[in-house]
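> Sequence below, structure please.
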Amino acid sequence: MRTIGEPWPEFNDGIFYSDRVRPSDSGVTLVDYYSTKYKSSAPLQGWLQRIGNGQITVDGKIVTDPTKVLSAASDLQYHRLPWREPDAPYLLGVLFEDDHLIALNKPSGLQVLPGGLFQQRTVLTQLHWYASKQRSLLSCQDTNAVPVHRLGRGTSGILLCAKTKLAKARISAYFADGTSVVGSSRIEDADISKARKISKTYRALASGILHENEVIINEPIGMLRYPGVAKGLYVASPSGKLALSKVRVLERDIQNNRTVVEVEIQSGRPHQIRIHLSFIGHPLIGDPLYVTGGQPHCFDPESVEESFAQDGGYQRPLNPVPGDCGYHLHAHRLIFCHPLTNKVIEVIAPLPSILQTQEESKELNHSDQDVK
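Sure thing, here's the model as predicted:
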């Protein structure tokens, strides 16, 4: 398999965030503006620290006085200083590529889009670096190499990316159409996958033994307040959005009390497979966050960590968060209708050994021996 990827520099470039003061914010102090508008980034003490460090400018001039009163239409800029991001892999396998799309084999531990501590060490950065070196990617003026869906940081496997705005718009519509079909159909009414132009099949290692060969899970997925996750945590919730997963047992490992399963998701809710399998009492082996019932490990939803790091931001939360790795989940197969040619494309990402059945492992071993 061909790979792409550049080693990460030791430090990233930092980030500049720009704002313009609205008339409604005229008269507030600099520290009140930031600590109120961006309270999920840092506590009050953290913003005082950032201002004192000279990391904020007002109309192009560094301001270190937190009590400075702001005027409407003033231009503000906050510089988040460069930092050493946590370790992350950088090599990506290329599973499919043409002038419109590229399908990558993402390793576990690599984040797809910037967020939190990972601002540079992402798939998006590697895509941009790759595009800048490939003249073929720049042949069209509307080139826009971006992922068209997400995989969790700990999830490996197929990530479909668009090279052009047109391809991105059409593939995004395929995903949206599939989710809307779930929302408008009765679950019992059967095979909505036939109405989809794109389908994803995952391989997962679930705890415990699933006794039924096939299970359909239709528990809605909503959000709750959770320390360390600014926008809230996705969980199983009767008041959430409709979600549908089809689970098929591939192999039961009685000795180790675990089951290898194949999961086809008919809707694309965040962390859907992790939530749905834990909801039915079979969380993924090694999942640090979700437990039986589709909920996080015990925590106090009213407690929010107020300590802050060297850059003034919040410390990494003590509770597990969605980006933590350790579970075994792999986007194994993707079938879609090509957005420009209408040809049906099938992409397969090789399975990690722990997600192979015994029969699959034997076949691979025989194949390796034949090659030798």
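> In terms of residue numbering, what are the domains of this protein?
What automatic domain parsing lists as the domains of the chain is 15-80, 92-359.
> what about the residue nearest to the spatial centre of the chain, distance to residue 128?
Centroid-nearest residue in the chain, with Cα atoms, centre = their mean: residue 152, separated by 3.9 Å. Residue 152 sits at a distance of 21 Å from residue 128 (criterion: Cβ to Cβ, to the nearest Å). All C-beta spots, glycine's among them, are computed from the backbone N, C-alpha and C.
> May I see the domains of the chain arranged in a markdown table, with mean pLDDT as well?
Formatted as a markdown table, those follow (pLDDT from 0 to 100):
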| stretch | mean pLDDT |
| --- | --- |
| domain 15-80 | 95 |
| domain 92-359 | 87 |
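> between these, which gets nearest to residue 4?
Residue 4 lies closest, by Cβ to Cβ, to one member of the domains of the chain: domain 92-359, at 5.0 Å.
> wait, which of the domains of the chain is closest to residue 7?
Closest to residue 7 of these, according to Cβ to Cβ: domain 92-359, at 10.5 Å.
> distance between the ends of the closest one?
With Cα to Cα, to the nearest Å as the measure, domain 92-359 spans 27 Å from end to end.
> pretty sure residue 47 is touching residue 34, no?
Yes: in this structure, residue 47 is within contact of residue 34 by Cβ atoms under 8 Å, at 4.6 Å.
> Look at those two and report which has more neighbours.
More neighbours surround residue 47 than the other of residue 47 and residue 34, with 28 against 25 (other Cβ atoms under 10 Å).
> Checking that one next. Helix, strand or coil?
Of the three states, residue 47 takes helix according to DSSP: H, G, I helix; E, B strand; the rest coil.
> I'd say residue 289 and residue 324 touch.
Yes: counting by Cβ under 8 Å, residue 324 is a contact partner of residue 289 at 6.2 Å.
> more neighbours, those two?
Neighbour tally, residue 289 and residue 324, criterion other Cβ under 10 Å: the higher count belongs to residue 289, 25 against 15.
> List the contacts of the more buried one.
274, 296, 297, 320, 321, 322, 324 (Cβ atoms under 8 Å, 6 or more residues apart in numbering).
> Check residue 78 too.
Residue 78 is in contact with 16, 17, 19, 34, 50, 55, 56, counting by Cβ under 8 Å, 6+ apart.
> Correct me if wrong: the second one contacts residue 77.
Yes: with the criterion set as Cβ under 8 Å, residue 17 and residue 77 qualify as a contacting pair; they are 6.9 Å apart.
> In the stretch 151-300 of the chain, what residue spans correspond to helices?
Remark: helices assigned in the stretch 151-300 of the chain by DSSP state H, counting those that start in this stretch are 165-184, 272-279.
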